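Asker: Here is the input, now give the coordinates:
(chains A and B)
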Protein chains: 2
Amino acid sequence: MATLGIDLGGTKIALGVLEGEELVYSARVATPSDGSEAVLQVMVAAAREALAESPVAVEAVGVGSPGPIDYRAGVVTYAPNIPDFADVPVVGRLRRALELPVFLENDANAAALAEHHLGAARGAESSFFVTVSTGIGGGAIIGGRVWRGAHGQGGEIGHLTVLPGGPVCGCGNRGCLEAVASGRALARDASYAYAREVSTPQLFDLWRQGDGKARELVSGSARYLGQALADVQKLLDPEVIVVGGGVGVGGGEEYLSLVRQAYADHLQVWRRAEIRAARLLERAGVIGAALVARFAN
Amino acid sequence: MATLGIDLGGTKIALGVLEGEELVYSARVATPSDGSEAVLQVMVAAAREALAESPVAVEAVGVGSPGPIDYRAGVVTYAPNIPDFADVPVVGRLRRALELPVFLENDANAAALAEHHLGAARGAESSFFVTVSTGIGGGAIIGGRVWRGAHGQGGEIGHLTVLPGGPVCGCGNRGCLEAVASGRALARDASYAYAREVSTPQLFDLWRQGDGKARELVSGSARYLGQALADVQKLLDPEVIVVGGGVGVGGGEEYLSLVRQAYADHLQVWRRAEIRAARLLERAGVIGAALVARFAN
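Answerer: Predicted structure coming up:
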């Protein structure tokens, strides 16, 4: 069956029709910044266009959205990076407009599903996906399906406490992985260390040039990520771990090897999973959203 | 169906025949300390007696064992608290002797299964069990079954890193939950703080008397346990958490309320599970082992 995936992001909305393993239709539109009603209207219009222009008939629609989701109600509780996007009934609105079954999933979970079935974790029975970019998200796949947990917060590796008493996170806890290892945390620490505004890409440039402070900052991020992935290995024990996101993939094999080293240091007598770089990259969101619809049926 | 559960411990082997929700036969024998062959012989003899004396016919046998297990081979890799117990083919040996299907499970996982189906987490769709005694073990139950993970180390909360750079754990990692919050860790820290040998029960006596050092030590253990359980909530997201073991239950409601407070402090914007005291206590092992055999069929 062919399904339409809609990946709702802070700056763009990506759409794709997945048939088997192929995206047979792709499109993207800018995300309006003037409130949830405008976003919903753009999503509906783009989805209608996708259904009309897709070379194959679409049977269901999957939506990947940032932020916490009320799965029972089909509502996005809030999307931290989209202005005025709170308690938005995405499922009901799209279902009425498109007259198709619509399924909603957290975007990191959707990407985890994509990497599991069609990306870096293909063939594994279980896998864990972590995306390290501005923030840090994750998703656990057990038996080929997303493990959402009892309250929809399963796989939230970004909020494991990796440095007790460390920096205060957006969630209010101290020392979350996201608060010490994400792109935003790196930019904060780099700007302090250099006493000037330093962006994450600028920091990674300095790191590649061998700058001492940059090496300390980036390897610190990698160490905390490795520590958190070792915790994942001892609780969820996935067969394969996939690392994606701007920092995760952008840091390249050198960053990943620092992560693997820290991970192994925390798992001396324990069995380890293979840590692989994400493969689907920016297509993971839309492919994952389409798979959400495929597997929900 | 009625199943025989065998709970292999460091000092005793407990046996019980479970039919429905009732233990219709119970027995216990001392664990030999002169090697794995002696232990196997005692297990076989006690199991034969159980099968002969059980008021109902037994259809399968479940064994709960400490230590890591090679599930595919049916072998206990090693049991840390039983002398000379390494690479022991428990399943093959019992199956040949008893001529019944035999299933092997980690003892913390077996106890988790027992508390899930017949104990404190009854009625939940998912649950997490943590036992805090000499060491710290755990088990995750998803969809009514033990989630072992890809390498049999799922649910190992005792080895989450809760204090980076902290005391070296038996597993070689620094700052594992077990290395800062277990009974053995508490006795180590109490003996240092009081500059004399202090056992865990003695420490808890001092704690109940309101001694200042004891309060600091015990509340430290509870804080780290709460931190680790918050990590569990963000990765596995169980519906219910059950706390058992000599320290976990022995500390009573006062200890549990310290754990709940620390857990909540780490989950400010997150949804929380109910943290309940274990109910089956010393019967959890044998009931869990019997359930392992029931659900394996």
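
Asker: how far out from the middle of the chain is the helix or strand of chain A with the lowest mean pLDDT?
Answerer: Every helix and strand in chain A was compared by mean pLDDT, DSSP states H and E; the lowest is helix A:245-250, with a mean of 88. Centroid displacement of helix A:245-250 relative to its chain, using Cα atoms, centre = their mean, to the nearest Å, is 11 Å.

Asker: for the residue in the stretch 51-200 of chain A that chain B sits nearest to, what are its contacts?
Answerer: Closest approach between the stretch 51-200 of chain A and chain B, counting by Cβ to the nearest Cβ: A:G149, at 2.2 Å. Where C-beta positions appear, they are placed from N, C-alpha and C, glycine not excepted. Going by Cβ atoms under 8 Å, 6 or more residues apart in numbering or on different chains, A:G149 touches A:G155, B:S126, B:L236, B:D237, B:P238.

Asker: A:Q209: how many residues sit nearby?
Answerer: When neighbours are counted by other Cβ atoms under 10 Å in any protein chain shown, A:Q209 registers 9.

Asker: If you could redo that for A:V102, that was the one I meant.
Answerer: 25.

Asker: Now do it against B:E156, distance only.
Answerer: A:V102 is 39 Å from B:E156, where distance means Cβ to Cβ, to the nearest Å.

Asker: got it, and A:H159?
Answerer: Distance, A:H159 to B:E156, by Cβ to Cβ: 20 Å.

Asker: try A:A46
Answerer: Applying Cβ to Cβ to A:A46 and B:E156 gives a distance of 45 Å.

Asker: next one: A:L236
Answerer: A:L236 sits 10 Å away from B:E156 when distances are taken as Cβ to Cβ.

Asker: Repeat that for A:A47.
Answerer: According to Cβ to Cβ, A:A47 and B:E156 sit 44 Å apart.

Asker: Comparing these two, which residue is more hemmed in?
Answerer: Taking other Cβ under 10 Å, A:A47 and B:E156 do not tie; B:E156 has more neighbours (28 against 23).

Asker: Please name the nearest non-neighbouring residue to that one.
Answerer: Among residues not flanking B:E156 along the chain, A:K234 sits closest, at 4.2 Å (Cβ to Cβ, 6 or more residues apart in numbering or on different chains).

Asker: And for A:T200?
Answerer: In this structure, A:T200 finds its nearest non-sequential neighbour in A:G183, 4.1 Å apart by Cβ to Cβ, 6+ apart.

Asker: separation between that neighbour and A:S133?
Answerer: 5 Å.

Asker: Same check on A:V247?
Answerer: From A:V247 to A:S133 the distance is 6 Å (Cβ to Cβ).

Asker: Could you name every residue contacting both of these two?
Answerer: Common neighbours of A:V247 and A:S133, counting by Cβ under 8 Å, 6+ apart, are A:S182, A:G183.

Asker: Comparing those two, which residue is more hemmed in?
Answerer: A:V247 (28 against 17).

Asker: Who are the contact partners of A:V91?
Answerer: By Cβ under 8 Å, 6+ apart, the contact list for A:V91 reads A:V63, A:A73, A:G74, A:V75, A:V102, A:F103, A:L104.

Asker: Partner strands of the strand or helix carrying A:A140, with direction?
Answerer: A:A140 belongs to strand A:136-142 when elements are defined using DSSP states H and E. Sheet pairing of strand A:136-142 (DSSP bridges) gives strand A:126-132 (antiparallel), strand A:145-146 (antiparallel).

Asker: Turn the ones you listed into a markdown table, columns for mean pLDDT and mean neighbour count.
Answerer: Output for the strands paired with strand A:136-142, formatted as a markdown table (pLDDT from 0 to 100; neighbours: other Cβ atoms under 10 Å in any protein chain shown):
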| stretch | mean pLDDT | mean neighbour count |
| --- | --- | --- |
| strand A:126-132 | 97 | 29 |
| strand A:145-146 | 96 | 19 |
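
Asker: Take these and lay them out in a markdown table including distance to B:C169.
Answerer: Listed next are the strands paired with strand A:136-142 as a markdown table, based on distance: least, Cβ to Cβ, whole Å:
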| stretch | distance to B:C169 |
| --- | --- |
| strand A:126-132 | 23 |
| strand A:145-146 | 32 |
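
Asker: Go through those strands and name the closest to B:G288.
Answerer: With Cβ to Cβ as the measure, strand A:126-132 is the member of the strands paired with strand A:136-142 nearest B:G288 (23.0 Å).

Asker: follow-up on the earlier one: A:G210: which of the strands paired with strand A:136-142 is closest?
Answerer: Per Cβ to Cβ, nearest to A:G210 of those: strand A:126-132, 21.8 Å.

Asker: Run through the residues that contact the residue in the stretch 151-297 of chain A that chain B sits nearest to.
Answerer: Nearest residue of the stretch 151-297 of chain A to chain B (Cβ to the nearest Cβ) works out as A:D237 at 2.2 Å. By Cβ under 8 Å, 6+ apart, A:D237 lies in contact with A:S126, A:A273, B:R148, B:G149, B:A150, B:H151, B:G152, B:Q153, B:G154, B:E156.

Asker: Apart from its neighbours in sequence, what residue is nearest it?
Answerer: The shortest distance from A:D237 to any non-neighbouring residue, by Cβ to Cβ, 6+ apart, is to B:G149 (2.2 Å).
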